[in-house]
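Novice: below are the sequence and a predicted model for it; my questions follow.
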Amino acid sequence: MTIEVVASPGEAERDAILRILVAHNEASVGPTERQQVAIVVRDDAGTITGGLWGKIGYRWLFVEFLAVSPDHKRQGIGRALMQRAETLARDAGCIGMWLDTFSFQARGFYEKLGFGHFGTIDDFPPGHARFFLSKRID
């Protein structure tokens, strides 16, 4: 047996590691439906100017990315994206949503939408913090 640092890891390494983890998880709690989620905002020219990227698993929607271009901030687009995601999650049978954000991003925004703080990593990145938030929707 050897332990190796892969200089340029790719999908093959990721998939092999993930297969082992999924097998363990499924043995512990049973299989789960996994679904990729993408909700985009397009301007009149069809260019994506914002959106939400996430995944559903274990009946929770993880919001991995939420972004709105600077020209379109403060117009309710982020709120509309999160509301659409919550509707999508509820329709998919989810019981909750979760996400993380940094201290220089949007913790207050998510809290106004009903998300509660459940964890912090200080100095991630140094001088800032990373916050973890969740919201039950069932």
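Specialist: Okay, I see it. Numbering: from 1, shown residues only.

Novice: so where's the longest helix in the protein?
Specialist: The longest helix of the chain (DSSP state H) is helix 11-29.

Novice: what's that helix in contact with?
Specialist: When contacts are defined by C-beta atoms under 8 Å, 6 or more residues apart in numbering, helix 11-29 is touched by residues V6, T32, Y58. Backbone N, C-alpha and C define where each C-beta goes, glycine included.

Novice: columns neighbour count and secondary structure on top of the residues you listed, output as a markdown table?
Specialist: Output for these, formatted as a markdown table (neighbours: other C-beta atoms under 10 Å; DSSP: H, G, I helix; E, B strand; the rest coil):
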| residue | neighbour count | secondary structure |
| --- | --- | --- |
| V6 | 8 | coil |
| T32 | 14 | coil |
| Y58 | 15 | coil |
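
Novice: least confident pick among the residues you listed?
Specialist: pLDDT across the contacts of helix 11-29 is lowest for T32, at 91.

Novice: so that one touches K55, yeah?
Specialist: No: using C-beta atoms under 8 Å, T32 is not in contact with K55, being 10.7 Å away.

Novice: list the buried residues in the longest helix of the chain.
Specialist: Judged by neighbour count (16 or more other C-beta atoms under 10 Å), helix 11-29 contains no buried residues.

Novice: same thing with stretch 121-132?
Specialist: Residues of stretch 121-132 classed as buried by neighbour count (16+ other C-beta under 10 Å): R130, F131.

Novice: any idea how far apart the tips of it sit?
Specialist: End-to-end distance for stretch 121-132, by C-alpha to C-alpha, to the nearest Å: 9 Å.

Novice: ok, stretch 28-43 next?
Specialist: Calculated as C-alpha to C-alpha, the first-to-last residue distance of stretch 28-43 is 45 Å.

Novice: and L66, how many neighbours?
Specialist: For L66, the tally of surrounding residues (other C-beta atoms under 10 Å) stands at 22.

Novice: what's the answer for Y110, then?
Specialist: Number of residues near Y110 (other C-beta under 10 Å) recorded here: 24.

Novice: contacts only, for it.
Specialist: M82, L99, T101, L133.

Novice: name the nearest residue to the first one, sequence neighbours excluded.
Specialist: Spelled out, that is M82. Using C-beta to C-beta, 6 or more residues apart in numbering and skipping the chain neighbours, the partner closest in space to M82 is L113 (5.5 Å).

Novice: thank you, goodbye.
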